[in-house]
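Asker: Provide a 3D model corresponding to the input given below.
(chains A and B)
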Amino acid sequence: MTASDDALPAPLTTLTFDGLRRNFGRLPVLRGVSGTVESRQLLLISGSNGSGKSTLLRCLAGLLSPQRGTIECRVEGKLLDVEDRRRALGFVSPDLELYPELTTLENLEFFSRLRGVDPLRGGELLDEIGLPRDRAAGALSSGMTQRLRWVWALLHQPPILLLDEPFQNLDKNGRADVLRMLNRHLETGLAVVANPDHLELPHVASHLVLGG
Amino acid sequence: MSRPISSWAAETSAIFAKEWRSELRTRYALNTVGLFAFTTLVVVSMALGPIGASPEARQFLPVLLWLILLFAASAGLPRTFVHEEEIHTATALRLAARPVSLFCGKALYNLTLILALELLIAPLFAAMLQMPVAHPARLAVVLAGGGYGLAIGSTLIAAMVAQARARGPLFAVLAFPVLLPLLKFAIEATLAASLGETTGATLSLILLYDATLTVASLMLFPAIWNP
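Answerer: Predicted structure coming up:
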């Protein structure tokens, strides 16, 4: 047996951020935030309102540029640029909406075509999470909308999940359903969760507390 | 990560199809653009009458036609991106679509919208104001070339406006310098086509403007969409 046989396999996906700073005007929101997370791990982020949890997730998603600091994302060993990082992740956020005039299935078929995913997968995920296929997204309840956000985020089986308040508006069954999906994702992927609800989460490798 | 052209085409066609599907459900742009153009045309026609019958007044007809098209386009085309920000779908789009595919899909939608508008308004305008059309084919080419520039320019400006807070006045402020050369060439070429004069030189300028604006838009759009 060689030394390399003993070593753990290299993680498929890693997300590392170092010294992230972001101000809004003169207001500093992120003040040198650092962390790392890899496949099969969950990084939990907590903090009071306005502490920068959502801002950190938007920076990690490539939706917002940090004014200082670096973000490095590797999938199967390959370093991704910001455009590829955006497309490689699944994102659940209260700010994210789908097209209200399209049905749930039409929304998912549209994004399947954008992501090059089998268009049948959207329908399968809708059935799994118990959402109607033919109801307009704008006619869903808040809890159903949150379930649809989860389905949208997992549509392309992303290696990275960024979850901002992922359990809001979900009932007990809804939480159980999405936790099952999260567990399945964490068999290979990684997740960063901004979770103000103090729920028990699986595979928590580290806990980042942001100051208010 | 480079992607094949088939992937780019699939994304562009997906966005184009989604735009029309959403539009046919809500009919916001169709109603706004169509109603604005038709109302303006009726007002102009009622106020001025068939001025095309007078040789001195004919030179003003292309100006009126392009003003109607410009303002109708300004009323509906900026919605392509502004609406995405207003209903918070822009985040999903930013994460799923390549910027170039997104721009091409939206621009293609705006182009079909403006070509449909021209198809509806230009014959009515010619009939109601008795505009002479010596070379219908040339006029059609001028309208298509001008409409293309209007669609590409409006799409790019709409993307800029969508990022701002004061969206209403901003479109007019940004559109004025970008679209002014196009309107000047389009008016000149429309007049030449309607009077049976040669349009070659002015049409070349329109096509050059269209090509320049397309290249500039494809280069600028990723930075505008993901600031």
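Asker: residues near B:Val142, how many?
Answerer: When neighbours are counted by other Cβ atoms under 10 Å in any protein chain shown, B:Val142 registers 26. Bear in mind the C-beta positions are built from the backbone N, C-alpha and C, glycine included.
Asker: what's the answer for the one 5 residues further on, then?
Answerer: The tally of other residues near B:Gly147 (other Cβ under 10 Å) stands at 25.
Asker: assess the claim that it and B:Thr112 are in contact.
Answerer: No: applying Cβ atoms under 8 Å as the test, B:Gly147 and B:Thr112 come out as separate, 9.8 Å apart.
Asker: can you pull out the helices in chain B?
Answerer: Along chain B, the segments classed as helices by DSSP state H run B:5-26, B:28-48, B:61-76, B:79-86, B:90-96, B:99-128, B:136-162, B:167-195, B:200-225.
Asker: before we move on, what about chain A?
Answerer: A:3-6, A:53-61, A:82-88, A:104-115, A:120-129, A:142-154, A:172-185.
Asker: got a list of what residue 83 touches?
Answerer: If you meant another chain, say so; for now it's chain A. Residues in contact with A:Glu83 (Cβ atoms under 8 Å, 6 or more residues apart in numbering or on different chains) are A:62, B:1, B:98-99, B:222, B:226.
Asker: not quite, I wanted chain B
Answerer: B:Tyr28.
Asker: for A:Pro100, see how far away it is.
Answerer: Computed as Cβ to Cβ, to the nearest Å, the B:His83 to A:Pro100 distance reads 11 Å.
Asker: then A:Val178?
Answerer: In this view, A:Val178 and A:Pro100 are 22 Å apart by Cβ to Cβ.
Asker: pick out whichever of the two has more residues nearby.
Answerer: A:Val178 (23 against 18).
Asker: leaving out the residues flanking it, which one is nearest to that one?
Answerer: In space, and not counting its chain neighbours, A:Val178 is closest to A:Trp150: 5.1 Å by Cβ to Cβ, 6 or more residues apart in numbering or on different chains.
Asker: also B:Arg25?
Answerer: Per Cβ to Cβ, 6+ apart, closest to B:Arg25 is A:Glu101, 4.2 Å.
Asker: likewise B:Pro99?
Answerer: B:Pro222 (4.0 Å).
Asker: next: A:Val192.
Answerer: Closest to A:Val192 by Cβ to Cβ, 6+ apart is A:Leu43, at 4.7 Å.
Asker: correct me, but that neighbour touches A:Ala194?
Answerer: No: using Cβ under 8 Å, A:Leu43 is not in contact with A:Ala194; the gap is 9.7 Å.
Asker: in chain A, which helix or strand is least confident?
Answerer: Within chain A, no helix or strand scores below helix A:3-6, which has a mean of 46 by mean pLDDT, DSSP states H and E.
Asker: who's in contact with the residue nearest to A:Val192?
Answerer: By Cβ under 8 Å, 6+ apart, A:Leu43 lies in contact with A:15, A:35-37, A:190-193, A:204-208.
Asker: can you report how many residues lie near B:Gly76?
Answerer: Neighbours around B:Gly76, by other Cβ under 10 Å: 24.
Asker: pLDDT score for it?
Answerer: B:Gly76 is assigned a predicted lDDT (pLDDT) of 86.
Asker: that one against B:Ala37, yeah?
Answerer: No: taking contacts as Cβ under 8 Å, B:Gly76 lies outside contact range of B:Ala37: 9.3 Å.
Asker: list the contacts of the most centrally placed residue in chain A.
Answerer: The centre of chain A sits closest to A:Leu162, judged by Cα atoms, centre = their mean, with a distance of 2.0 Å. By Cβ under 8 Å, 6+ apart, the residues touching A:Leu162 are A:57, A:60-61, A:89-93, A:191-192.
Asker: beta partners for it?
Answerer: A:Phe91, A:Val192 (DSSP bridges).
Asker: so where's chain A shaky on pLDDT?
Answerer: Along chain A, segments meeting pLDDT under 70 span A:1-11, A:196-199, A:212.
Asker: what parts of it come near chain B?
Answerer: Selection of chain A residues close to chain B by Cβ under 8 Å from any Cβ of the partner chain yields A:61-63, A:65, A:80-84, A:86-87, A:89, A:91, A:93, A:95-102, A:106, A:110-111, A:113-116, A:152.
Asker: quick check: residues of chain B near chain A?
Answerer: Applying Cβ under 8 Å from any Cβ, one finds that chain B approaches chain A through B:1, B:7, B:10-11, B:14-15, B:17-18, B:21-22, B:25-26, B:87-89, B:91-92, B:94-99, B:101, B:222, B:226-227.
Asker: how does it look with 7 Å?
Answerer: Within chain B, the residues that sit near chain A (Cβ under 7 Å from any Cβ of the partner chain) are B:1, B:7, B:10-11, B:14, B:18, B:21-22, B:25-26, B:87-89, B:91-92, B:94-97.
Asker: narrow the residues you listed to just the buried residues.
Answerer: Buried by 16 or more other Cβ atoms under 10 Å in any protein chain shown: B:10-11, B:14, B:18, B:22, B:89, B:91-92, B:94-97, out of the residues of chain B next to chain A.
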